[in-house]
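requesting a structural model of the entry that follows:
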Amino acid sequence: MTALVAILAALGLASFSLDANATELGAYRGPGCDGRKAMHVFEDFVGRKVGRTVDALNQESWAEMKSSIPWITKCWRGSDIKLTLSVPMLPKDRDGTLAEGAAGAYDTIFIMTARALIQNGHPDAVIRIGWEFNGDWMPWRAMDDPESYKAYFRRIVGIMRDAPGQKFRFEWCPNHGRKAMDPTDAYPGDDVVDIIGQDVYAETWGIDGMSPQERFQYYLEQPFGLKWHRDFAQARGKEISYPEWGVGTRPDGKGVGDDPVFIEGMADWFEDVQPLYQSYWDVHAWDYNAQMSNRQFPRASQAFRQRFGAGTD
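Residues are numbered from 1 along each chain as shown. The predicted structure follows:
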């Protein structure tokens, strides 16, 4: 319980206390029309409407990325669910470099994206550019060329801000922890960043053997962890977000499984920091199975519903 909640409860004003629902609830249930059709499963599970989804353009190739622009933007047209669109900087087939992007080689993709968003009713979308860049798994990983990453990020923002009728907000989003680099080495500047996000998954990399409580404390305190994220954003006067978070399993055994402590810890953290939004990763992806709506993690599922939705099962 936060200090403010404790004070309000002592004054008999508990009904007016902050809670984890005070921030915007989001979820990812799959891409485009697939995700929109499947969102009701998560909403039925949590017992409330979802306010936002975090979708992404196709990352496989430039051609696939280009073809996904009208599909993604049309699929969410007319929905009462707000859109954060994750925009890749390079495709997975490694066709291109950050330096080429910074020089303007791929401008057409971002012009098309801005126009499609506006035409399909998303002029106020959050644009999440080149996320999780501080790891070594993304084709736009900044460790290879942080100066070009920053210049390319700035170029994309400039292109999309030039679109008539846009009201976009732009999000810079590292993964929690240091990973392959200090993420601040790739910060593109306060003038092109509106929101500072962080993706947070419950994993045991380098912390095997810790109890659930010790693990969550580490997520808070680690270099470039949750507390760093809060402080870095506050120092720049930026809103914060959690576009991807989840508890689950990994093929390599580094996921924590059914961990209600992580759910409770994140809910407490959201109460404290009041992010613009938080979006749960409710899918069984090949690299991380965090699906909550199927209740495969019964203790975590109960904690999730208690803190974010209708209550206990």
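
C-alpha from now on. contacts and neighbour counts both.
OK.

and the strands in the protein?
For the chain, the strands defined by DSSP state E occupy 24-28, 52-56, 82-87, 126-129, 169-172, 195-197, 200-201, 239-246, 277-281.

show me what the first one is packed against.
Yep, that's strand 24-28 we're talking about. helix 32-46, strand 52-56, strand 277-281 (3 or more C-alpha pairs under 8 Å, 6 or more residues apart in numbering; DSSP states H and E).

so how many other residues sit close to Ala63?
12 (other C-alpha atoms under 10 Å).

cool, the one 5 residues further on as well?
When neighbours are counted by other C-alpha under 10 Å, Ser68 registers 19.

could you pull up the contacting residues of it?
57-58 (C-alpha atoms under 8 Å, 6 or more residues apart in numbering).

coming back round to it: comparing the strands of the chain, which comes out most buried?
Stretch with highest mean neighbour count among the strands of the chain: strand 195-197 (a mean of 26; mean count of other C-alpha atoms under 10 Å).

show me the contacts for Val54.
26-28, 83-86, 243-244, 279.

export the residues you listed to CSV and tack on pLDDT?
Formatted as CSV, these follow (pLDDT from 0 to 100):
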residue, pLDDT
Gly26, 97
Ala27, 98
Tyr28, 98
Leu83, 98
Thr84, 98
Leu85, 98
Ser86, 98
Pro243, 98
Glu244, 98
Ser279, 98
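
quick one: contacts for the nearest residue to Pro298 once chain neighbours are set aside?
Once flanking residues are discounted, Pro298 sits nearest to Asp258: 7.0 Å by C-alpha to C-alpha, 6 or more residues apart in numbering. Applying C-alpha under 8 Å, 6+ apart to Asp258 gives the contacts 247-248, 297-300.

related to what we said a few turns ago, Throw the helices and strands packed on strand 24-28 into TSV and include distance to Asp145, thanks.
TSV is the format used below for the helices and strands packed on strand 24-28 (distance: least, C-alpha to C-alpha, whole Å):
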stretch	distance to Asp145
helix 32-46	31
strand 52-56	23
strand 277-281	29
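
to Phe168, which of these lies closest?
strand 52-56 (14.5 Å; C-alpha to C-alpha).

could I get that closest one in CSV with only the CA atoms?
Extracted as CSV, the C-alpha positions of strand 52-56 are listed here (Å, rounded to 0.1, in the frame of the first residue of the first chain):
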residue,chain,number,x,y,z
ARG,A,52,-5.4,0.9,-25.3
THR,A,53,-3.5,-1.6,-27.4
VAL,A,54,0.1,-1.6,-28.4
ASP,A,55,0.3,-3.0,-31.9
ALA,A,56,3.3,-3.1,-34.3
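
could you give the angle of that strand to strand 24-28?
40 degrees (axes from the mean of the first three to the mean of the last three C-alpha atoms, to 10 degrees).

now do strand 52-56: distance to the chain's middle.
Offset of strand 52-56 from its chain centre (C-alpha atoms, centre = their mean, to the nearest Å): 8 Å.

what of stretch 185-192?
18 Å.

now that stretch: buried residues?
Buried positions in stretch 185-192, judged by neighbour count with 16 or more other C-alpha atoms under 10 Å: 186-188, 192.

residues in contact with that stretch?
Taking C-alpha under 8 Å, 6+ apart as the rule, stretch 185-192 contacts 142, 146-147, 149-151, 153-154, 157, 170, 172, 236.

contacts for stretch 202-215 next, please.
Residues contacting stretch 202-215 (C-alpha under 8 Å, 6+ apart): 246-248, 254-256, 259, 261-262.

out of those residues, which is most surrounded?
Val247 (29 neighbours).

now for the helices and strands packed on strand 24-28, which one comes closest to Ile129?
strand 52-56 (9.9 Å).

so Asp282 touches Asn294, yeah?
No. Here Asp282 lies out of contact with Asn294, judged by C-alpha atoms under 8 Å, at a distance of 9.0 Å.

show me which of those two is the more surrounded one.
Ranked by neighbour count (other C-alpha under 10 Å), Asp282 and Asn294 place Asp282 first, with 24 against 14.

from Phe224, how far out is the more buried one?
According to C-alpha to C-alpha, to the nearest Å, Asp282 stands 25 Å off from Phe224.

and Tyr187, by the same measure?
Tyr187 is 13 Å from Phe224, by C-alpha to C-alpha.
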